[in-house]
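> here are the coordinates; sequence isn't available:
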């Protein structure tokens, strides 16, 4: 079991309030990801859950038990950091089992748990090696294995893929997703990378300036953002925002349209403009254009398209996919 309830969590460093009353419920077995810009409080919130930071006020319950005054080692959590934090003089096997050894677990039980975790993470060939003999991806798998052997109630991940190159990030992301399915464990994961969030999470928590902007599944946040902040943060390239008055729209302050929900034509369309830059990505073509009606507009086209700077084009949005926001930047349903 690994449910989590946060109630009115506040954290201040002197006069600076980093967390401003966080309320959140995580169900047993959920994969929940905290996202948000740098400085929004996501890592601080994870550290409060772990007990590595003391909350200024509020309640943290794990499986219904209040742990706000419980030391980290007794909370039933295991944490994987951005840095691997492996002991260089110990083998992979000893690194993975060290926490259990320090807790007084019998050697036979340590060997059993290490073997099980090693099998899950394909680390069997490396058990006798030391960290210096491993790649970055292998070291991160050892750090994850060290967490698995503890059989915690909660797995906490703090930007675990940040030190890996692009290919290893994808590979390790797949391994973490598979691990979650096999373990059926509760995982809370912090990242600034929305691709990680969209591809891994059951539930995403979008944080901004110490407060929760929205909680929902990846597609809920993509299709029904609660406000301009969430709409602009989720999705790549970012949603286009156009003052409603420029489009003659009433009852709204801002109109949002995602780049993939705009069609381009050389012959006709709603908004006439000039191409200012094109990114040819193979699978996609990203076209940036300037139109009198909208200003700068980003358009995402699937596949390869032969647009070039200074081309005159016409853009037409999918009317059914427009997002409308009020004067307070809240979505209008």
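Nice, thanks for sending it over. Remember, predicted model here, so these are calculated numbers, not experimental data.

> which residues does the residue nearest to residue 332 when sequence neighbours are not counted bridge with?
Sequence neighbours aside, residue 324 is the residue nearest to residue 332 in space, at 4.3 Å (criterion: Cβ to Cβ, 6 or more residues apart in numbering). Bear in mind the C-beta positions are built from the backbone N, C-alpha and C, glycine included. With beta bridges defined as DSSP bridges, residue 324 has these partners: residue 255.

> pull the helix or strand with minimum mean pLDDT from the chain.
Every helix and strand of the chain was ranked by mean pLDDT, DSSP states H and E. The lowest is helix 166-183, at a mean of 85.

> Same question for it: list its buried residues.
If you call a residue buried by 16 or more other Cβ atoms under 10 Å, then helix 166-183 has these buried ones: 168, 169, 172, 173, 175, 176, 179, 180.

> SS state for the residue most central in space within the chain?
For the chain, the residue nearest the mean C-alpha position is residue 197 (3.3 Å; Cα atoms, centre = their mean). Following DSSP: H, G, I helix; E, B strand; the rest coil, residue 197 is assigned to helix.

> ok, it touching residue 33?
Yes. Counting by Cβ atoms under 8 Å, residue 197 touches residue 33, with 4.5 Å between them.

> overlap in contacts of those two?
Contact criterion Cβ atoms under 8 Å, 6 or more residues apart in numbering; residues bridging residue 197 and residue 33 by contacting each: 191, 204.

> mind listing what the residue of the chain positioned farthest from its centre touches?
Distance from the centre of the chain peaks at residue 267, with 40.5 Å (Cα atoms, centre = their mean). Listed by Cβ under 8 Å, 6+ apart, the contact partners of residue 267 are residue 314.

> repeat that with 10 Å
Applying Cβ atoms under 10 Å, 6 or more residues apart in numbering to residue 267 gives the contacts 313, 314.

> do residue 56 as well
9, 10, 11, 12, 13, 17, 18, 19, 48.

> Let's have those in CSV, adding pLDDT.
Output for these, formatted as CSV (pLDDT from 0 to 100):
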residue, pLDDT
9, 97
10, 97
11, 96
12, 95
13, 92
17, 95
18, 95
19, 96
48, 96
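
> Quick one, which of those are buried?
Buried, going by 16+ other Cβ under 10 Å: 9, 10, 11, 17, 18, 19, 48, out of those.

> Quick check: the third one touching residue 46?
No. With contacts counted by Cβ atoms under 10 Å, residue 11 stays clear of residue 46, the gap being 11.4 Å.

> okay, now the residue nearest to residue 332: neighbour count?
Close neighbours of residue 324, defined as other Cβ atoms under 10 Å, add up to 16.

> Wait, it touches residue 241, no?
No. The pair residue 324 / residue 241 is not scored as a contact, 11.1 Å apart, by Cβ under 10 Å.

> Touching both of these two, which residues are there?
Shared contacts of residue 324 and residue 241, defined by Cβ under 10 Å, 6+ apart, are found at 253, 254, 255, 256.

> So which of those residues is surrounded by the most neighbours?
When the shared contacts of residue 324 and residue 241 are compared by neighbour count (other Cβ under 10 Å), residue 256 ends up highest, at 22 neighbours.

> Could you pull up the contacting residues of that one?
When contacts are counted by Cβ under 10 Å, 6+ apart, residue 256 touches 225, 228, 231-232, 235, 238-242, 321-325, 331.

> follow-up on the earlier one: now list whatever residues contact both of residue 11 and residue 46.
residue 53.

> wait, what's in contact with residue 222?
In this structure, residue 222 makes contact with 194, 198, 204, 216, 230, 231, 234, 235, 239, 258, judged by Cβ under 10 Å, 6+ apart.

> just the residues you listed now: which is nearest residue 77?
Closest to residue 77 out of the contacts of residue 222 is residue 204 (20.5 Å), distances taken as Cβ to Cβ.

> Looking at the contacts of residue 56, point me to the pair that's furthest apart.
Based on Cβ to Cβ, the longest span within the contacts of residue 56 runs between 9 and 13 and measures 14.3 Å.

> Count the residues that sit near residue 30.
By other Cβ under 10 Å, the residues close to residue 30 number 18.

> That one and residue 179: what is the separation?
14 Å (Cβ to Cβ, to the nearest Å).

> just to revisit the earlier point, list the ones among the contacts of residue 56 that fall in helices.
With helices taken from DSSP state H, the overlap with those comprises residue 48.
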